[in-house]
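**Student:** From the sequence below, what's the structure:
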Amino acid sequence: MKCLLIASESAQVLFYWADQDFEARLRQQFEDLPEQHGETHVPAFEDSINTLFAPLLISCITLNEKISDTYTSFISENNYLFTVHQFGECTYIAVNGDGSESEDDLRRKIFVLKKVIDLRFGLVTLDAGILKKTLRPQDTEKRCKVWKMLQGLLITYSHLREEDQSFLVEAVERLIHPQLCQQCIEFLDRYVVQQINGSLDRANEEVVHTFILVHTKLLSFLSSRNASSLRPSDLLSLILIAQDMYPSDDNQEGLTDKDLEKSLETGEFNTPKLSAAAQEEGGSLECNSHQDTQPAIQVAEDTVQSPESCPARDTVPLRVFLDASVKDNYCPMMPHNMYCMSLWPGISLVLLTKVPNSQVAVSLYHLLDAFTVIEARLSEGQELGHSSHTHPNMSDLKQKMDKFIKAIGVLKQQLQSAWVDFKSKAFSKVNAGNPPDLLQACRNVKSRLCLVYQHYFLLKPAGHSQHLTIDLQTKTQNNIQEKLMDWKDFLLVKSKRNTTMISYLQDFPGLIHFIYVDRTVGHMIAPSLSTSKKSTELGKGPLAVFIKNKVWSLVGMGQRYLQKGYTTLTFRDGDYYCCYFLWFENEVGYKLPVIELPVLSDDSAPIGMLTGDYYRKLLRYYGKNHSLEMIKCFELFTIHFGVIPADFIVQQCSDLARRLWEPSRIPLF
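**Tutor:** Down below sits the predicted model:
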C-alpha cells in the first residue's frame, strides 16, 4: 500500500506512482461510488488520484499561504502514514498504508525522487513553470513516457534499497580484484576512450567517463585526461539508471547459487583459464590464482554457465545532468549523454560523453545562479545593491548578459526583451523604488534563461541529435566483450561473494557482519549477505534473513543518531551487540579529534549521498578548522555475538578499521 506523488500549487498532480495494492484499493473505492449514486461512469485512475489527494493538497497550500509552513507527516484514521515535503512550488507526498515503511523511509524516497528529477532534467528545475510542463506534458504519450521513466527508477531504487548493501548505506561497492581491475582500466583506455575520441564517427562527442558494472558492483572506472571528477553521488545515481535499464535476472541468480553452494562445500576457489586465442593476442588478461588478490579479502572464484545472449540495447543515449567543471568553470548540472551497453546479462558497460555546446550550460548556470540570488534578495524585501562588493556584481552581470545574448542562436528576441525590461527597472533611478515590478522582471529573465537551457539540452534530446554511430557503439561493445569473454562467468559469481566473512573469523572471533564506508570517495566494503535459500555463508533457512534484518535496522538507527549529532553508537540487541562509529582522519591515517556535529531537524534531508550529499557537506564543515590538510571521513557498522565483552568488541572494531584501511585505497580511478 504505497504511493508517491508530486503536485503543483494549484493542486494539480504532476506525477504519481502507486503500487498494485494501493491502485487496486483506490480503483475499488471509486468503482463503488457510482453504484451508490446510481451512476455508470467510473473515473480514470489519474482522476481518482486527483480527487483523493485534493483536500490534503488544498490544506497544504492554505497553510503555506497563511503561515508559510505545512505538514511534515501525519497518520490518518485508517493508519496510513503521510510524509509531506515542499520543493519550491511543488509539493511531494509519500504514503504508506501497510506499515512497511517509516517516516524516514518515506522522506528518503521523496528526496531520491528529487535527485532523479534533477539528474534527468537539469537546470530547468529552477523554474517552476517549465518544470510543471516537463513533468506533465500536454501530450498524453509524452506524459506516459516521462511518468513511466520516473516510476521505473523509483521501483528499482526501492528494490535495491531493500536488497543491496551499497544502496542501503548509499556508497559504491567495488569488485575487489586489483589485477583484473587494472587490466580492465587499460582496456577501457585503449578500446573505449582512445578509440572513440579518435574516431570521425563520434559526432563531436567526447568520452569523459566509462566504467564496467557487474550487477551493482563497480569493476573498473576510467576518466579521460581532461575530464573533471565524477561525484560519488552521481556515480551511484548512474548505477541506479543502469540497473533500471538492465535489471538482474532471477534465473541467472539461480545459476550462480549452484556454484556458490559448491564452493562453500568444497572450499575450492578457481580463476578462469584463458583461451588459446586470447593468449596469442598478447593483450589478454592473466591471473595466477590467489597470489595476486588481496590476502585480507577472500572471495569465492568459480564459474557458471550464464546465458550467452544479452538484452537488446537501445542505441539512443540518455541525457543526464551531472556535477562537472569545464576549464575551471563549475556547473552542477552539466549535460552528458549516457550510453549503457549490456555485455552479458548482469554485466554492463557505461559511457558518459560530453555533448557539444557544454560551454553554453556553464554560462547559463552562472547567469541563473546570479538571478536566483537577486530573486531571493528581492523576495525578502532587500534592495538591489550596485556595490562592487555585493554578489552578484551588477555591472559584471550586465556585461555577461549582453555578451551571452549576442552569442546564442535560439530564443534571442524573447531573452533580449526580458533583459531590456529588467535593465530598465534595475539600473533606472525612476523605477528603483518599485520592488514588485523588479522582482517580476527578474523572474521573467530567469524563466527565459531556463527556456534557452531547455531548448539546447532537453527539447532536442539525445535521440534526436547527433550521437555516436551504431557501428562505433557496436565495435566498442564487441571489443570489451572479447576481452572479458574468459572472465564473464567468474565475474558473475564473484559479484555474489565479493568479500566473505570467512577471512575475518579467525582474527575477529564473535564478529557476525560489518559494513565499512570511506565517505571521502563514497566506497564501501562489506561481506556478501545473500538470503538465497540454496546457498549462503550463514547456512540454509531463515538465519540469513534474520541477520540481514539486523543489519538494515542497525544502519537505520546509526543514521538517525548521526542526524542528532552522535558519532558513536553501541547497544545490545537481544543476543547481539551492535556498534556504529563515524570518525575523521588525515591523509596518512592519523585519527583526528572528535568535534560537535550539527543537529539536523526531523524534516531535513535524510543522511546519505542520493538525498542531499550529507557527507560532502560534513567534510566541508569539519575541514573549516583543518584547512591545511586533506580530511577523510569513515563509517563502520558491526554486529557481534552478545556474549563477547563490550571492551573487547570496541577494540576489535578499531583493529578491523585498521585492517580495512588499506584495501579501501586500491587504485580505481
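
**Student:** need the helices for the stretch 501-650 of the chain, in chain order.
**Tutor:** Counting by DSSP state H, counting those that start in this stretch, one finds helices in the stretch 501-650 of the chain at the ranges 502-505, 543-563, 614-622, 646-661.

**Student:** Also the stretch 251-400 of the chain?
**Tutor:** 276-281, 358-379, 394-407.

**Student:** Looking at these, which is nearest to Tyr621?
**Tutor:** helix 358-379 (22.0 Å; CB to CB). Just so you know, the C-beta spots here come from the backbone N, C-alpha and C atoms, and that holds for glycine as well.

**Student:** what angle separates that closest one from helix 394-407?
**Tutor:** Going by axes from the mean of the first three to the mean of the last three CA atoms, to 10 degrees, helix 358-379 is angled at 140 degrees with respect to helix 394-407.

**Student:** returning to what we had before: and the helices of the stretch 251-400 of the chain as a markdown table, adding mean neighbour count and mean pLDDT?
**Tutor:** Conversion of the helices of the stretch 251-400 of the chain to a markdown table gives the following (neighbours: other CB atoms under 10 Å; pLDDT from 0 to 100):
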| stretch | mean neighbour count | mean pLDDT |
| --- | --- | --- |
| helix 276-281 | 12 | 40 |
| helix 358-379 | 18 | 90 |
| helix 394-407 | 14 | 90 |
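
**Student:** Leu459: which of those helices is closest?
**Tutor:** Judging the helices of the stretch 251-400 of the chain by CB to CB, what sits closest to Leu459 is helix 358-379, at 13.7 Å.

**Student:** contact partners of that closest one?
**Tutor:** With contact meaning CB atoms under 8 Å, 6 or more residues apart in numbering, helix 358-379 is reached by 122-123, 126, 326, 329-335, 384, 391-392, 397, 400-401, 404, 408, 435, 438-439, 442-443, 445-446, 449-450, 452-453, 456-457.

**Student:** Just the ones in strands from these, please.
**Tutor:** Val326, Asn329, Tyr330, Cys331, Pro332, Met333, Met334, Pro335 (DSSP state E).

**Student:** show me what contacts the second one?
**Tutor:** Contacts were defined as CB under 8 Å, 6+ apart; by that measure Asn329 touches Gln359, Val362, His366.

**Student:** What is the nearest of those to Phe634?
**Tutor:** Val362 (33.9 Å).

**Student:** Give me the distance between that closest one and Leu660.
**Tutor:** Remark: distance between Val362 and Leu660 (CB to CB, to the nearest Å) = 39 Å.

**Student:** can you redo the helices of the stretch 251-400 of the chain as CSV with distance to Pro645?
**Tutor:** Formatted as CSV, these follow (distance: least, CB to CB, whole Å):
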stretch, distance to Pro645
helix 276-281, 53
helix 358-379, 55
helix 394-407, 64
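
**Student:** Quick one: closest of those to Val169.
**Tutor:** helix 358-379 (30.6 Å).

**Student:** out of the helices of the stretch 251-400 of the chain, which comes closest to Thr315?
**Tutor:** helix 358-379 (22.1 Å).

**Student:** Can you name the residues that contact Ser59?
**Tutor:** Applying CB under 8 Å, 6+ apart, the residues near Ser59 are Tyr71.

**Student:** so it is in which element?
**Tutor:** helix 45-67 (DSSP states H and E).

**Student:** tell me the mean pLDDT over that helix?
**Tutor:** Averaging pLDDT along helix 45-67 yields 85.

**Student:** Name the residue closest to the centre of the chain, please.
**Tutor:** Ser237 (2.6 Å; CA atoms, centre = their mean).

**Student:** Chain neighbours aside, what residue packs nearest to it?
**Tutor:** Leaving aside its sequence neighbours, Ser237 sits nearest to Leu119 (CB to CB, 6 or more residues apart in numbering; 5.4 Å).
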